[in-house]
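Novice: How does the following fold in three dimensions:
(one chain, ligands or ions: 1)
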Amino acid sequence: MKRTFAAIAVAAATLTGASTSAWAQNYPTRPITMIVPFAAGGPTDVVARIVGESMSKTLGQQIVIENVAGAGGTTGITRGAQAQPDGYTIMMGHMGTHGAAPALYPKLRYDPTKDFAPIGMAAGTPILIVARKDYPAKDLKEFIARLKTEQDKANEAHAGVGSVSFTTCTMFNVMNGIKPTRVPYTGTGPVINDMIGGKVDYACDQIVNLVTQIQGGNIRAYAIATPARSPALPDVPTTKEAGLPDYQVSAWNAVFAPKNTPPAVVAKLNEALVKALDDPGTKKRLLDLGGVLPEGKERTSAWLGEYVAQEVARWTPILKAGGVVAP
Ligand code: ASP
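Specialist: Numbering: from 1, shown residues only. Below you'll find the predicted structure:
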């Protein structure tokens, strides 16, 4: 019995080694799941669906989006990190799940720098401070002054501890001495829906979720936290123009696979992602939503790996100083 088992194990190991490259050559032969760690309709979901559609065409197999929300995106990313490293489960991470989360979750079950095979950056996403359209403040200065007097009467909504919205509004609140009631959601898609409905006062969110609603007058934007205005929202002032020059922050969305995914599979996925970014239709959709597209070496898997390490190192001291920790 034992001998038989050992013989099978050895045979299987030999086979695996010999056939990995052939197997990877044929990849993909069935649909690929892309985990989005937030609710449908938000920025991570939108970026995933836009690039996923084009990648599906290149790969000849459908990329199916699975929304696995919870714990600021860390629930879905934990599941993705633990999936089989065969290229059939990949995920759309972001600055929160792969930058801020380690500082906020002492018991995080993945290490952004060790447990993934980075595929590539999908889009940079500047952060805006947005509020319900009838919020009684005409500009950023008035808005901050009012929030200071209202304190916990104002409510700020975010996508859970560790999310981009949570992290970037923590910065905004701490910087201005504001202590709102902070309301967690499963993603900023539902946050903006409730903001349109008047249930939420304000949020800090990624541009790709906001352009259409700002243009339609459904929510108001007080400022964009980048050095220059966005071509997608030329009327929205920068934080510098609006009187809060030190509030500078941008987020990003990027594709990851679990660690130990074969290099040939990683290369195929990266190629499909880069092709998506060069596809005129896909590119236009991302740019119209205010996305900032990676160029040159920023499109490589290796660069993303280095960038994640830098982001973890950047966010850890900022968030630890803020004293926020999730269970
Ligand atoms: N923008 C979100 C965040 O705050 C999440 C989402 O994509 O829905 O992290």
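
Novice: pLDDT (mean, whole number) over the helix or strand Ala103 falls within?
Specialist: Using DSSP states H and E, the element containing Ala103 is helix 101-104. For helix 101-104, mean pLDDT is 93.

Novice: neighbours around the residue of the stretch 1-150 of the chain found nearest the ligand, how many?
Specialist: At 2.5 Å from the ligand, Gly42 is the closest residue in the stretch 1-150 of the chain, using CB to the nearest ligand atom. Quick note: C-beta positions are derived from backbone N, CA and C, even for glycine. Using other CB atoms under 10 Å, Gly42 has 30 neighbouring residues.

Novice: which SS state does the residue lying closest to it once chain neighbours are set aside fall under?
Specialist: Leaving out its chain neighbours, the residue that sits closest to Gly42 by CB to CB, 6 or more residues apart in numbering is Gly189, at 3.4 Å. Three-state call for Gly189 (DSSP: H, G, I helix; E, B strand; the rest coil): helix.

Novice: i'd like the first residue to be 251 from this point on
Specialist: All set: I'll call the first residue 251, so the last point we hit is now Gly439.

Novice: Tyr360 versus Gly439, what's the distance?
Specialist: Counting by CB to CB, to the nearest Å, the gap from Gly439 to Tyr360 is 24 Å.

Novice: and if you look at Asp496?
Specialist: 32 Å.

Novice: Quick check on the two: which one has the bigger neighbour count.
Specialist: More crowded of Asp496 and Tyr360, by other CB under 10 Å: Tyr360, with 22 against 9.

Novice: could you pull out the helices for the stretch 451-577 of the chain?
Specialist: Using DSSP state H, counting those that start in this stretch, the helices found in the stretch 451-577 of the chain span residues 461-465, 513-528, 530-538, 551-572.

Novice: now for the shortest one, which elements pack on it?
Specialist: What that stands for is helix 461-465. In terms of contacts (3 or more CB pairs under 8 Å, 6 or more residues apart in numbering; DSSP states H and E), helix 461-465 is packed against strand 469-474.

Novice: what's the answer for the longest one, then?
Specialist: Secondary structure elements in contact with helix 551-572, counted by 3+ CB pairs under 8 Å, 6+ apart, are helix 351-354, strand 366-382, helix 414-426, helix 513-528.

Novice: Now mean neighbour count and distance to the ligand too, for those, in a markdown table please.
Specialist: Compiled in a markdown table, these are given as follows (neighbours: other CB atoms under 10 Å; distance: least, CB to the nearest ligand atom, whole Å):
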| stretch | mean neighbour count | distance to the ligand |
| --- | --- | --- |
| helix 351-354 | 25 | 10 |
| strand 366-382 | 26 | 8 |
| helix 414-426 | 23 | 3 |
| helix 513-528 | 19 | 18 |
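
Novice: can you tell which of the ones you listed is closest to Lys570?
Specialist: Set against Lys570 and scored by CB to CB, these come closest in helix 351-354, at 5.6 Å.

Novice: what sits up against that closest one?
Specialist: 322-324, 327, 358, 361-362, 411-412, 417, 562, 565-566, 568-570, 574-576 (CB atoms under 8 Å, 6 or more residues apart in numbering).

Novice: for this structure, which spans come out with low pLDDT?
Specialist: With pLDDT under 70 as the threshold, the chain has low-confidence stretches at 251-270, 572-577.

Novice: Find the nearest non-adjacent residue to the most centrally placed residue in it, please.
Specialist: Residue closest to the mean C-alpha point of the chain, counted by CA atoms, centre = their mean, is His344 at 2.7 Å. Distances taken as CB to CB, 6+ apart place Asn503 nearest to His344, at 4.8 Å, with adjacent residues excluded.

Novice: Then Val433?
Specialist: Ala407 (4.7 Å).

Novice: doesn't the one you found fall inside a helix?
Specialist: No - applying three-state DSSP, one finds Ala407 to be strand, outside a helix.

Novice: residues in this protein within reach of the ligand, list them.
Specialist: 288-289, 292-294, 323, 344, 346, 409, 413-415, 437-439, 455-456 (CB under 6 Å from any ligand atom).

Novice: Could you pull up phi and psi at Ala331?
Specialist: Per-residue torsions, Ala331: phi -60, psi -30 (degrees, to the nearest 10).

Novice: got a list of what the closest residue in space to it that isn't next to it in sequence touches?
Specialist: In this structure, Ala331 finds its nearest non-sequential neighbour in Tyr360, 4.1 Å apart by CB to CB, 6+ apart. The neighbours of Tyr360, taking CB under 8 Å, 6+ apart as the test, are Thr324, Ile327, Thr328, Ala331, Phe366.

Novice: Now do the buried residues in stretch 486-501.
Specialist: The neighbour-count check on stretch 486-501 (16 or more other CB atoms under 10 Å) flags Val486, Pro487, Thr488, Thr489, Lys490, Ala492, Leu494, Tyr497, Val499, Ser500, Ala501 as buried.

Novice: Tabulate these (TSV), appending distance to Gly448.
Specialist: Below are the buried residues of stretch 486-501 laid out as TSV (distance: CB to CB, whole Å):
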residue	distance to Gly448
Val486	21
Pro487	24
Thr488	27
Thr489	25
Lys490	30
Ala492	23
Leu494	25
Tyr497	25
Val499	26
Ser500	28
Ala501	26
